[in-house]
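>>> Generate coordinates for the sequence data below:
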Amino acid sequence: MGHLFLGIDLGTSAVKLVLIDENKRIVASKVEQYQVASLNQGWCEIDPTLWFECMKAGMHKLFAEIDVNLIEGICVTGQMHTLVTIDKEGRPLRPAIMWNDTRTKELIPELKGRIAEFEEGAYLARTISTGSPAANLYWMSRYEKELFDRIHKFMIGPDYLVYCLSGCCGTDYCEASTSCLYLQERREWSEEMRIFIGLHKDMYPDIHGSAVAAGKIRKEMAKELGIPETVQIFTGTGDNPATAISAGCLDNGHPLISLGTSGVMITPVFARKKDVKGKKILFSLDGEQMLHFVQGAVQSNGSTVDWWFRKILGKKDFSEIDAMFAEGRPVSEGLLFYPHLAGDKTIYADPDIRGAFLGVSREESTVTMTYAVIEGLCFAMKELAEEMKLPVAGFDSLKVIGGGAKSHVWMQTLANVFDMRVEQMDGITGAGYGAALLAAYGTDHELSGRADRTTQIKASFEPEKQYVALYKKKYQMYLRIYKGLNYIYEGI
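Model prediction:
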């Protein structure tokens, strides 16, 4: 066995560790779960030291199975936008405010209006939303002024783990460019945003390329983990670019769908387009050569299915989806499900939008309504692609990864709704694997063609003609729901 590289993915509900060798093959992996707290309606936060403890627990288990002297590099990826603030001693000032936290929804109209007045504020005003680091820092300045004044540094979620491992406080171009604090054209932090929120210049993390070393592992950390002090810790990036790297989409510009807690569509763009929905992500391996991704999300995706299966049906998890349809998929022309249970950012920029079942009859059962949930999520992804103006039809297939991709029923329905082949990517793809590839690249191991030889298509799903025409009709009905719900709830 040659050199080893560890990728760490800080997820919403678990930290996932993936160890690969110099041939890009997975040697071992571990998962450590944790629980996000929801103290008030719309609040989602977690003590970041819990991430650190879970990460260490997973590392101890992983390192017990290998020769730790072969480890060359560690790279961290994970949830984008989540805000961590630390004091001068490096201790978190408060729980991390998660990417899906909506406590700032009442402030967003004010923020959009104020930021639009800035000389270069048009894009920032259009993209700032609940969960944005800029919005959450502004919220702290308004409602937690004492804590805000004690901020020594702010970071994005995965950056905190890099800090714990290396002692270095930094971030990458992805996390900076999606913070609503950064001017992509100038490649610098917005001075107007800094003054508006009331931040000091030294509160900002340094920005590096994703595969640039933040530093070597801290001596005390190396001793605790039992690994060499020569191990390099890399800057890392957000989970969506890391996932795109793992699926081989970085070179060919192929769009990728990730069906996790949220449903994400991401694609590299080589010529930037204006006035399209979705966040523009600046990405760089080395801090010199730049690439742009465009990303959009259906905020409630896996969380919607989890709600339906656990809370409503009382099942343990949604791995039972396919078993429910052993006798076929009961497609109804009139039954529709609207999946936006916790607001929307990309399509409507409406944090107050909520979900709905429509066209429910006495003939419905848990099976028909479960299938409507899957259909609704697929319709939402199609609407997302159209709003982002992604040229999915120009490719011969859609590549899909994530927990939702494990369901054959979900994948087949997605193929029918998009009327194109859907490819379920092999389980090794994912953000943790992408981070491990970045660590390998950062230690001078080849990254070009990084996933073409290592990722596999696990299964392909062709559109079924008998369903395609029906879904075109249902999709047009689905597109009317938002206006209908707005009319019903207007003024209430």
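>>> ok, which stretches of the stretch 51-200 of the chain are strands?
71-78, 83-86, 96-97, 153-156, 170-172, 182-183, 188-189 (DSSP state E, counting those that start in this stretch).
>>> again with the stretch 351-492 of the chain
Under DSSP E, counting those that start in this stretch, the stretch 351-492 of the chain gives strands at 356-358, 397-401, 421-425, 457-461.
>>> Doesn't residue 234 lie inside a strand?
Yes - using DSSP: H, G, I helix; E, B strand; the rest coil, the assignment for residue 234 is a strand.
>>> In contact with it, which residues are there?
73-76, 162, 210-214, 438-439, 442 (Cβ atoms under 8 Å, 6 or more residues apart in numbering). All C-beta atoms are positioned from the backbone trio N, CA, C, and that covers glycine.
>>> And for residue 294?
By Cβ under 8 Å, 6+ apart, the neighbours of residue 294 are 266, 267, 269, 273, 276, 278, 279, 280, 281, 388, 390.
>>> Show me those that map onto strands.
266, 267, 269, 279, 280, 281 (DSSP state E).
>>> Could you check how far the fifth one is from residue 146?
The reference is to residue 280. As for residue 280, its distance to residue 146 is 35 Å (criterion: Cβ to Cβ, to the nearest Å).
>>> Name the residue in these two with the higher neighbour count.
residue 280 (18 against 8; other Cβ atoms under 10 Å).
>>> Among the contacts of residue 294, which one lies nearest to residue 408?
Residue 408 has its nearest neighbour among the contacts of residue 294 in residue 266, at 23.3 Å by Cβ to Cβ.
>>> The closest one touches residue 256, doesn't it?
Yes - if you go by Cβ atoms under 8 Å, residue 266 and residue 256 touch, sitting 5.5 Å apart.
>>> Could you name every residue contacting both of those two?
Residues touching both residue 266 and residue 256 (Cβ under 8 Å, 6+ apart): 243, 244, 249.
>>> quick one: the closest residue to residue 235 other than its chain neighbours from residue 474, how far?
Computed as Cβ to Cβ, 6 or more residues apart in numbering, the closest residue to residue 235 that is not its neighbour in sequence is residue 208, at 4.4 Å. Separation of residue 208 from residue 474 (Cβ to Cβ): 47 Å.
>>> Show the contacting residues for the nearest residue to residue 99 once chain neighbours are set aside.
Among residues not flanking residue 99 along the chain, residue 81 sits closest, at 3.9 Å (Cβ to Cβ, 6+ apart). By Cβ under 8 Å, 6+ apart, the contact set of residue 81 is 99, 131, 132, 133, 156, 157, 178, 179.
>>> Among these, which are located in helices?
Counted as lying in helices by DSSP state H, out of the contacts of residue 81, are 133, 157.
>>> pLDDT check: weakest of the shared contacts of residue 266 and residue 256?
Lowest pLDDT within the shared contacts of residue 266 and residue 256 is found at residue 249 (77).
>>> As PDB, could you dump the C-alpha coordinates of the helix ranked longest in the chain?
Taking DSSP H as the assignment, the helix of the chain that covers the most residues is helix 366-387. Taking Å, rounded to 0.1, in the frame of the first residue of the first chain, the C-alpha atoms of helix 366-387 are listed here in PDB:
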ATOM      1  CA  THR A 366     -49.800   5.800   2.000                       C
ATOM      2  CA  VAL A 367     -48.400   4.200  -1.200                       C
ATOM      3  CA  THR A 368     -50.100   6.700  -3.600                       C
ATOM      4  CA  MET A 369     -49.200   9.700  -1.400                       C
ATOM      5  CA  THR A 370     -45.600   8.500  -1.000                       C
ATOM      6  CA  TYR A 371     -45.200   8.300  -4.700                       C
ATOM      7  CA  ALA A 372     -46.700  11.800  -5.000                       C
ATOM      8  CA  VAL A 373     -43.900  13.000  -2.700                       C
ATOM      9  CA  ILE A 374     -41.300  11.500  -5.000                       C
ATOM     10  CA  GLU A 375     -42.900  13.000  -8.000                       C
ATOM     11  CA  GLY A 376     -43.100  16.400  -6.400                       C
ATOM     12  CA  LEU A 377     -39.400  16.400  -5.600                       C
ATOM     13  CA  CYS A 378     -38.600  15.400  -9.200                       C
ATOM     14  CA  PHE A 379     -40.800  18.300 -10.500                       C
ATOM     15  CA  ALA A 380     -39.000  20.700  -8.200                       C
ATOM     16  CA  MET A 381     -35.600  19.600  -9.600                       C
ATOM     17  CA  LYS A 382     -36.900  20.100 -13.200                       C
ATOM     18  CA  GLU A 383     -38.200  23.600 -12.300                       C
ATOM     19  CA  LEU A 384     -34.800  24.300 -10.700                       C
ATOM     20  CA  ALA A 385     -32.900  23.300 -13.800                       C
ATOM     21  CA  GLU A 386     -35.200  25.500 -16.000                       C
ATOM     22  CA  GLU A 387     -34.800  28.500 -13.700                       C
END
